[in-house]
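Participant: One predicted model, sequence on top.
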Amino acid sequence: GGPAKKKKEEEEEDEAAEKGSSSSSLPKVLDVEDLLEACRSLRKCAYYHSKERVAESELIFAPYNYLVDDAQRPPELDAACRGGIVIVDEAHNLAGAAEEASSFDLAVADLEGCAS
């Protein structure tokens, strides 16, 4: 291993450090497609890998229903978001999501049971 090989190894280590990875782990930042591909190559479940990393994450993308509906929000996400900043993409849809989360169906039979 001469100087050229050593330089190549150093470049690979620098690239891994930039991605926040080593040869045995995933990079720190991945889009969904890259996450799926990387997890497949490591024979890991992308869903469970993501759940495990929520607590250490600085940026989390989640659907509206996780924000407005306690019943649908995963406990890992609930704890990770305390004291955080929430940025809502397409906030005009947030009111509808909140309305849907707090709505319920009431059948005529339910009302009839209250009247008797």
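Facilitator: Yep, that arrived. Residues are numbered from 1 along each chain as shown.

Participant: Please report the number of neighbouring residues for Leu35.
Facilitator: A count of nearby residues for Leu35, using other CB atoms under 10 Å, gives 19. Where you see a C-beta, it was placed from the backbone N, CA and C, and this is true even at glycine.

Participant: Run a quick check on it versus Tyr48, I expect a contact.
Facilitator: No - in this structure, Leu35 is not within contact of Tyr48 by CB atoms under 8 Å, at 11.8 Å.

Participant: So which helix or strand of the protein has the lowest pLDDT on average?
Facilitator: Using mean pLDDT, DSSP states H and E, helix 3-19 stands out as the lowest-scoring helix or strand of the chain, at a mean of 55.

Participant: From Pro75, how far out is the closest residue to Tyr64 other than its chain neighbours?
Facilitator: Once flanking residues are discounted, Tyr64 sits nearest to Ala97: 3.7 Å by CB to CB, 6 or more residues apart in numbering. Distance from Ala97 to Pro75, counting by CB to CB, to the nearest Å: 20 Å.

Participant: likewise Gly83?
Facilitator: Gly83 is 16 Å from Pro75, by CB to CB.

Participant: Which one of those two is surrounded by more residues?
Facilitator: Pro75 (9 against 5).

Participant: show me where pLDDT drops low in this protein?
Facilitator: Within the chain, the ranges that satisfy pLDDT under 70 run 1-27, 116.

Participant: host element of Arg73?
Facilitator: Here Arg73, judged by DSSP states H and E, is contained in no helix and no strand.
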